[in-house]
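In: Got a sequence here, can you model it:
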Amino acid sequence: MSGHCHDEHDGHNHGGDGAAAHDHSDDITPAVQFSLYQQINFDEITTFNEAQYGSGRAVCKKTWAERLSAEPELASDADEQLLMNIPFTAQIKLHSILLRTSDSDSAPRTLKVLINRDDVDFSVAEDAPGTQTFELSRTSEVQELPVKRARFSSVRRLSLFFADNFGDGDEDVTDHNIVYEAAANPSDHKVKGTEERKVGGGLGR
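Out: From the prediction side, this is the model:
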């Protein structure tokens, strides 16, 4: 699974008098890097079942400009499941999660999100109800996943559990390229390919 980690930004300047209309077709804008991105504690990110040590942290460090880059990529090791624990340096309000995976059997299918737990391993991730669960799309486009904001208004730690992929048990690798956490209103910015609601990157097993 290849992935990338970021948060959506807090606001967007649409320009003043005489400003040309802004095309949002390929835009959640680099401003995303100056919101929750700066509040991610990269050194403390942990990823369970990653095929290459440190690849989970590496995909989270990718800048928005690097979102379509094939490397680094996060791939699962022993089976298709991946678990990422992402701590923040301050308490944040989460509005959406942006993912980029792949149009392949190794793309993650189900994402369970848990918040503010320091004990999340695979056992906890599988048994806990989760704060919110998403059914992902099989695509290489960036998927925008709006969260239920009332549940994500005071987040200090985010756990992302990718439970399975589109291989239906035949694909042992899950991969993704990018994961972004966003603090802005997802409806303010339309991502190219957002109709498919996909996350670019690869979650692979």
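In: which residues does S137 form a beta bridge with?
Out: K198 (DSSP bridges).
In: So it is in contact with F166, correct?
Out: No: S137 lies out of contact with F166 (CB atoms under 8 Å); the separation is 9.5 Å. (Glycine included, C-beta is placed from N, CA and C.)
In: anything in contact with each of the two?
Out: Any residue near both S137 and F166 by CB atoms under 8 Å, 6 or more residues apart in numbering counts here, and not one turns up.
In: Tell me the spacing between the spatially closest residue to S55 that is not a sequence neighbour and R151.
Out: Of all residues beyond its chain neighbours, the one nearest S55 is L74 (4.7 Å), with distances taken as CB to CB, 6 or more residues apart in numbering. Using CB to CB, to the nearest Å, we find L74 at a distance of 25 Å from R151.
In: And the helices in this protein?
Out: According to DSSP state H, the chain carries its helices in the segments 55-61, 122-127.
In: so T101 sits right up against F134, yeah?
Out: No: no contact is recorded between T101 and F134 when judged using CB under 8 Å, the distance being 11.9 Å.
In: more crowded one of those two?
Out: Looking at T101 and F134 with other CB atoms under 10 Å, you find the greater number of neighbours at T101, namely 39 against 21.
In: How much space separates the more buried one from P108?
Out: Relative to P108, T101 is positioned 6 Å away (criterion: CB to CB).
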